[in-house]
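Asker: give me a 3D structure for the following:
(one chain, ligands or ions: 3)
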Amino acid sequence: MTYLAKPRLHHPSLTPNALGYTRRDYEGSVSTLCAGCGHDSISSAIIQACYELDLPPHRLAKLSGIGCSSKTPDYFLGNSHGFNTVHGRMPSVLTGANMANRELIYLGVSGDGDSASIGFGQFAHAIRRGVNMTYIVENNGVYGLTKGQFSATSDKGSKSKKGVVNHDSAIDLVSVALQLGATFVARSFSGDKAQLVPLIKAALSHKGAAFIDTISPCVQFNNHSGSTKSYDYVREHNESVNKLDMVLARQPINVDYAPGSTVQVTQHDGSVLSLHKLAEHYDPTDRIAAMGYLAQRQAAGEIVTGLLYVDPAAHDLHEALDTVDVPLNSLTEKELTPGQAALDRINAGLR
Ligand SMILES: Cc1ncc(C[n+]2csc(CCOP(=O)(O)OP(=O)(O)O)c2C)c(N)n1
Ligand code: SF4
Ligand SMILES: [Mg+2]
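Answerer: Numbering: from 1, shown residues only. Ligands and ions are numbered 1, 2, ... in the order given. Sure thing, here's the model as predicted:
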């Protein structure tokens, strides 16, 4: 048996959401990850976010690659569509699924090895194309599943569990996502649920490529004193740029305006992101400034977290390609074979 199903018991005190589902309905099977693994906390944040957003589980599609992180979709959203793809290939499968059926909500879950090493090209192209998805990297700086080798996000100078020093420069996926044109870019920490849950809710409501780099300590191989992805290191160097509240479009929207300290960002679906500034002068709608700020704080040894950039008027790949408004499998023979006159018109347009 490769997984353990959870008993279908609902505690009577669990509160149902607007759809009548409890948090339990968004869970998956029992996790087989190491006790204390950051990835389990991210699964829990995903469950909480989907429950709070009242998302119908059958409208979600979760996709992943290979790795401990990529195993996690088995541990949440047990009633949603799922596809555990090949190592580093999740982005292209997600892009294809999204092109075929634009009505589902796409959640890509990956690891730093999966996205910054073998799948770096796949990651880059899905982001630059603006695929409408939430893309979460569970970033522990190692290949956890294959026993702790450095990944491409391991910081230069950081040490392995056995004391080996990493001499290669790290790829910072947040900086790469900003440079490639992602329209929602955030970084968080698996140990900070108060920050992570609203970020996931906002990303799931965003139309376009939403990327969340989540530092997620690997307790087995990368939670020691020489690591820059350990619980202690991240807690000591975490610098949050803002505190996020997410107000759903279907609720009456009354947000508190605190002049000079709160930014309101309305997304395409009408939901409002209320960002309370913690870092002075930080503007999450200025992409170039965000890139400069990140580089500056990184040089000072800080790990910047929070919503780093959002473009509220983002466009996605379907708009760029001007695709039909409905899933491809709902097209009838009449639409798929419009006849000789339509073909003649197309041919004439190409001459
Ligand atoms: C094509 C291919 N190459 C290599 C592997 C071996 N492999 C499996 S998981 C993995 C790395 C996983 O690291 P990461 O994505 O960071 O996930 P983590 O386990 O750390 O969560 C590797 C190299 C594989 N399964 N397939
Ligand atoms: S090996 Fe590391 S990443 Fe994998 S389950 Fe254990 S703690 Fe998590
Ligand atoms: Mg990893």
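Asker: then stretch 178-185 to CSV, C-alphas only?
Answerer: The C-alpha coordinates for stretch 178-185 follow below in CSV (Å, rounded to 0.1, in the frame of the first residue of the first chain):
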residue,chain,number,x,y,z
LEU,A,178,10.1,38.9,-11.4
GLN,A,179,12.5,39.2,-14.3
LEU,A,180,10.4,36.8,-16.4
GLY,A,181,7.2,38.8,-15.9
ALA,A,182,5.2,36.8,-13.3
THR,A,183,2.3,39.0,-12.3
PHE,A,184,2.1,37.8,-8.7
VAL,A,185,5.3,37.1,-6.8
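Asker: what's the mean pLDDT across that stretch?
Answerer: In this model, stretch 178-185 carries a mean pLDDT of 97.
Asker: distance from that stretch to the middle of the chain?
Answerer: 12 Å (Cα atoms, centre = their mean, to the nearest Å).
Asker: buried ones in that stretch?
Answerer: The neighbour-count check on stretch 178-185 (16 or more other Cβ atoms under 10 Å) flags 178, 180-185 as buried. All C-beta atoms are positioned from the backbone trio N, CA, C, and that covers glycine.
Asker: tell me which of these fall in helices.
Answerer: Counting by DSSP state H, the part of the buried residues of stretch 178-185 found in helices is 178, 180.
Asker: how about the buried residues of stretch 178-185 in CSV, adding distance to ligand 2?
Answerer: Listed next are the buried residues of stretch 178-185 as CSV, based on distance: Cβ to the nearest ligand atom, whole Å:
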residue, distance to ligand 2
178, 26
180, 26
181, 30
182, 25
183, 29
184, 25
185, 24
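Asker: so which of the buried residues of stretch 178-185 reach ligand 3?
Answerer: Among the buried residues of stretch 178-185, no residue sits close to ligand 3 (Cβ under 5 Å from the ion).
Asker: what element comes up after the helix of greatest length in the chain heading to the C-terminus?
Answerer: The residue-count maximum for a helix in the chain (DSSP H) belongs to helix 38-52. Sequence order places strand 60-64 as the next helix or strand after helix 38-52, per DSSP states H and E.
Asker: does that next one come close to ligand 2?
Answerer: No. Applying Cβ under 6 Å from any ligand atom, one finds strand 60-64 separated from ligand 2 by no less than 13.4 Å.
Asker: let me see the contact set for the residue in the stretch 201-350 of the chain positioned nearest to ligand 2.
Answerer: Residue of the stretch 201-350 of the chain nearest ligand 2, by Cβ to the nearest ligand atom: residue 218 (3.3 Å). Contact analysis of residue 218 by Cβ atoms under 8 Å, 6 or more residues apart in numbering lists 34, 37-38, 68, 140-142, 144, 148, 229.
Asker: show me where the protein has strands.
Answerer: 60-64, 81-84, 105-111, 133-139, 142-143, 149-150, 184-189, 209-215, 238-240, 242-247, 262-266, 272-277, 303-310 (DSSP state E).
Asker: for the last one, what is the average pLDDT?
Answerer: Computed over strand 303-310, the mean pLDDT rounds to 94.
Asker: sheet partners, orientation included, of it?
Answerer: strand 184-189 (antiparallel), strand 238-240 (parallel) (DSSP bridges).
Asker: cool, the fifth one as well?
Answerer: Paired strands of strand 142-143, with direction, are strand 149-150 (antiparallel) (DSSP bridges).
Asker: contact partners of the partner strand?
Answerer: Residues contacting strand 149-150 (Cβ under 8 Å, 6+ apart): 141-143, 158, 160, 166, 168.
Asker: among the residues you listed, which one sits closest to ligand 2?
Answerer: residue 142 (7.2 Å).
Asker: quick check: the closest one vs ligand 3, distance?
Answerer: 5 Å (Cβ to the ion, to the nearest Å).
Asker: tell me how many other residues crowd residue 79.
Answerer: By other Cβ atoms under 10 Å, 14 other residues sit near residue 79.
Asker: ok, residue 226 touching residue 155?
Answerer: No. Using Cβ atoms under 8 Å, residue 226 makes no contact with residue 155, being 10.2 Å away.
Asker: any part of stretch 48-68 near ligand 3?
Answerer: No. Taking Cβ under 5 Å from the ion as the criterion, stretch 48-68 and ligand 3 are apart, separated by no less than 5.9 Å.
Asker: what residues of that stretch count as buried?
Answerer: 48-53, 55, 57, 60-68.
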